[in-house]
Each structure stands twice: as C-alpha cells, then as structure tokens.
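J.: sharing a model prediction with you, sequence too.
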Amino acid sequence: VDRLEVYHMFPFSPELGSSFLAGKVDYARLLDPVSWRRAKEMQGVTAAAFNQSVIQAFWTNMQKNKALADPRVRRAIHLAMDRHTLVEVVKDTAPMQVGGFVYPFHEMSTPRAELEKKLGYQRDIKPAVQEARRLMKEAGYANGIKNLDFVVRDIATFKLWAVAIQAMLKEHLNIESRHLQRVVRQGRPAELLALDEPGVPRSRQSDRARGRRQQAQAAGAEGGGHSRERSAADPGVLRADL
C-alpha cells in the first residue's frame with residue numbers, strides 16, 4: 001500500500017453515504033440504510049450488516065434544576081419515552097433497536113418478548129405514561145416543568161430524535177423545553193444555537209411515528225439537513241446525548 005487516507009465523517013450522514021456511492025472512498029462504516037441498500041446493488045461492492053455496541057441516551061443536569069434532581073421526575077421522563085416510535089422516526093437514517101441497560105443482542109439481555117412487558121418498553125405506552133404522570137404529581141410537578149434547555153449534538157439522528165422527544169415530553173408530562181443545537185465548525189469552538197421550531201410539539205397524532213417524523217422534518221432535521229440558526233444561547237439544564 002503506497003498511501004492510505006482516512007476521513008472522519010458523521011455516522012449515517014448524507015456526506016458519508018454520498019462519498020461512498022460516488023466512488024470517492026473505498027470503504028465506509030455506518031452507512032445510512034438508504035445508502036447501504038444502494039451500495040449492495042453496486043457491482044464489486046460487498047455490504048455487511050452487524051450490531052454495534054452503542055447505547056443511545058440523554059442526560060439530565062441535576063445541579064442546575066432541582067426538578068431533575070428528583071429521581072421520581074427522572075423516572076417519569078424515562079417512562080414517557082415511546083421507544084418504538086423513536087426507532088421508527090430514524091429508520092431511514094440509522095437502524096436502531098429497543099433495548100435495556102444491556103445490549104438487546106447480548107446473550108445476557110432480557111428477551112425481547114419479556115422486555116416489552118415492562119413499563120417504558122411496551123408498544124402500548126398508555127400504562128407507562130399513566131405511571132409517569134403519577135410520579136410527577138407525587139414529586140410536586142403535576143403541572144409539568146417549563147423553561148428547560150434541550151442541548152443536541154449536530155448529528156442527523158439526534159436532530160430527528162430531539163424534536164420527537166420534546167413532543168413526547170410536552171404531550172405526556174407537560175415539560176416544555178427549548179431546542180438548542182450544539183454545532184462545531186472547523187477551527188472554531190462549539191456553539192449553542194437556538195432553533196426555530198415551527199409546529200412543535202403537535203400532540204396526539206393518529207400515527208405517532210409519522211407525526212414525529214413530520215415534526216422533525218418541519219424543524220429542518222431530515223437526514224442531516226441544516227437547521228435554521230437564530231441566536232447564540234447559554235448552556236442549558238437538560239442535555240441530550242442521544
């Protein structure tokens with residue numbers, strides 16, 4: 001080998017997929033599903049699918065907000081997430097699975113059929129939401145929480161998820177948050193940008209997955225598109241590292 005060039009691109013990004021499909025790179029890992037299917041049809045190309053050991057999660061800053069320091073509130077937020085819908089929201093951007101603390105494909109993980117009987121992992125989220133609201137009331141937040149900042153990394157899946165998660169928080173627990181996007185530009189420190197959020201959240205869609213995806217697309221987050229910048233913002237109290 002005379003020379004080996006390595007390029008670092010965001011996983012499942014349009015830039016990564018298009019670079020491989022255009023023949024600009026010889027090997028690519030973590031292609032989005034659409035690019036992966038197209039690559040499989042290309043002559044001389046081999047495509048493989050395998051599980052990746054990554055847990056997607058978001059984190060709370062308990063020091064800046066006393067509500068988030070209450071384990072009942074954090075448990076309520078956990079229960080308010082419709083995980084099956086979140087997987088559906090990003091299915092054309094990145095393949096995901098519903099799982100618990102242990103990777104769902106691990107031999108020690110809870111079997112899927114058993115996991116889906118647990119609150120927070122059921123396809124019917126009504127029981128989980130009911131318990132989440134009970135916990136919020138018990139913690140003294142029956143009317144919800146307002147003015148939380150939701151910080152999101154500038155990655156396609158995270159931007160799609162962020163809009164859907166904010167809608168779930170609002171619909172299920174009346175938690176209102178502002179979407180801040182963490183953007184890193186070459187040669188400059190990371191910035192927090194407040195984003196316009198037209199139509200977010202829209203609650204009680206007839207098809208939850210379609211509704212969440214439409215909300216994400218309306219906010220300019222489809223497949224890694226550039227969201228509209230509005231103003232710089234201070235670091236927030238609710239962090240998302242999905």
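T.: Structure received.
J.: before we move on, which element is the most centrally placed residue in the chain in?
T.: The centroid of the chain falls nearest to residue 161 when counting by CA atoms, centre = their mean (3.2 Å). In the assignment (DSSP states H and E), residue 161 maps to helix 156-173.
J.: gap between that helix and the chain center?
T.: Chain-centre distance of helix 156-173: 7 Å, with CA atoms, centre = their mean, to the nearest Å.
J.: quick one: mean pLDDT over it.
T.: Averaging pLDDT along helix 156-173 yields 91.
J.: lowest-confidence helix or strand of the protein?
T.: Least confident element among the helices and strands of the chain, by mean pLDDT, DSSP states H and E: strand 229-232 (a mean of 29).
J.: what's the first-to-last distance across stretch 140-147?
T.: When the termini of stretch 140-147 are compared using CA to CA, to the nearest Å, they are 17 Å apart.
J.: all helices of the protein, in order?
T.: 14-21, 33-40, 71-79, 83-89, 112-115, 126-138, 156-173, 208-218 (DSSP state H).
J.: how about CSV for those helices, with distance to residue 103 added?
T.: (Each C-beta comes from the backbone N, C-alpha and C, glycine too.) Shown next, in CSV, are these (distance: least, CB to CB, whole Å):
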stretch, distance to residue 103
helix 14-21, 23
helix 33-40, 19
helix 71-79, 18
helix 83-89, 14
helix 112-115, 12
helix 126-138, 22
helix 156-173, 17
helix 208-218, 23
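J.: among those, which comes closest to residue 54?
T.: Counting by CB to CB, residue 54 lies closest to helix 156-173 out of these; the figure is 10.9 Å.
J.: give the burial count for residue 62, as a bare number.
T.: 15 (other CB atoms under 10 Å).
J.: where does this protein have low pLDDT?
T.: 179, 181-242 (pLDDT under 70).
J.: pick the most deeply packed of the helices of the chain.
T.: Of all the helices of the chain, helix 156-173 carries the top mean neighbour count, a mean of 25, counting by mean count of other CB atoms under 10 Å.
J.: quick one: that helix to helix 14-21, angle?
T.: Counting by axes from the mean of the first three to the mean of the last three CA atoms, to 10 degrees, helix 156-173 lies at 140 degrees to helix 14-21.
J.: what angle separates helix 156-173 from helix 71-79?
T.: Helix 156-173 and helix 71-79 meet at an angle of 120 degrees, taking the same axes, to 10 degrees as the criterion.
J.: elements contacting helix 156-173?
T.: helix 71-79, helix 83-89, helix 126-138, strand 145-153, strand 175-183, helix 208-218, strand 238-240 (3 or more CB pairs under 8 Å, 6 or more residues apart in numbering; DSSP states H and E).
J.: can you redo these as TSV with distance to residue 169?
T.: Output for the helices and strands packed on helix 156-173, formatted as TSV (distance: least, CB to CB, whole Å):
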stretch	distance to residue 169
helix 71-79	7
helix 83-89	12
helix 126-138	10
strand 145-153	8
strand 175-183	4
helix 208-218	12
strand 238-240	9
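J.: closest to residue 39 out of these?
T.: The nearest among these, by CB to CB, is helix 83-89 at 22.3 Å.
J.: list the helices and strands that closest one packs on?
T.: helix 156-173, helix 208-218.
J.: done for today, thanks.
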